[in-house]
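Participant: this one's sequence-less:
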């Protein structure tokens, strides 16, 4: 199983947002850049079976942009919110055992932490709009191999 981890795009800075952090959206530049990245992701022909996203607005907006471009349905999953960790991933994967390729859209630092644990004891920083792929032998195995790590500037070129 291939798991693609996509960090949400550029969002309004927390200090510039007056509302609840849950509702903090992508900036107009963030939406435009994610649109460009989505086109690049489509060209990669990932063969995605599904996209699951954090319910936070900036991640949902990111997932919707990518899902629309790839013609794949995106679905919210609370477990991808702020408390996303290895146990949340394991629970998610139990419900997706029949899938070959899954995209998860979420946040830092939890996504990098989970990726690092999946591939050993690695430390990384998934940039906003960055895409990583970890390949697992199957959905029940919680150790895998880093297949790719694509920074957003590569997807935008």
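Facilitator: Noted; the coordinates are in hand. Note that this is a predicted model, so its numbers are computed, not measured.
Participant: which residue ranges form the strands in this structure?
Facilitator: 2-7, 50-53, 74-76, 101-106, 131-135, 145-150 (DSSP state E).
Participant: So which residues of the protein form helices?
Facilitator: For the chain, the helices defined by DSSP state H cover 28-44, 57-70, 86-94, 110-118, 152-156.
Participant: can I get those helices in a markdown table with mean pLDDT, mean neighbour count and distance to residue 5?
Facilitator: Heads up, the C-betas are built off the backbone N, CA and C, glycines and all. Below are these laid out as a markdown table (pLDDT from 0 to 100; neighbours: other CB atoms under 10 Å; distance: least, CB to CB, whole Å):
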| stretch | mean pLDDT | mean neighbour count | distance to residue 5 |
| --- | --- | --- | --- |
| helix 28-44 | 97 | 17 | 12 |
| helix 57-70 | 98 | 22 | 12 |
| helix 86-94 | 95 | 15 | 10 |
| helix 110-118 | 96 | 20 | 5 |
| helix 152-156 | 93 | 16 | 13 |
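Participant: Determine which of these approaches residue 6 most closely.
Facilitator: Nearest to residue 6, of all the helices of the chain, is helix 57-70, at 6.7 Å by CB to CB.
Participant: so what does that closest one touch, helix or strand wise?
Facilitator: strand 2-7, helix 28-44, strand 50-53, strand 74-76, strand 101-106 (3 or more CB pairs under 8 Å, 6 or more residues apart in numbering; DSSP states H and E).
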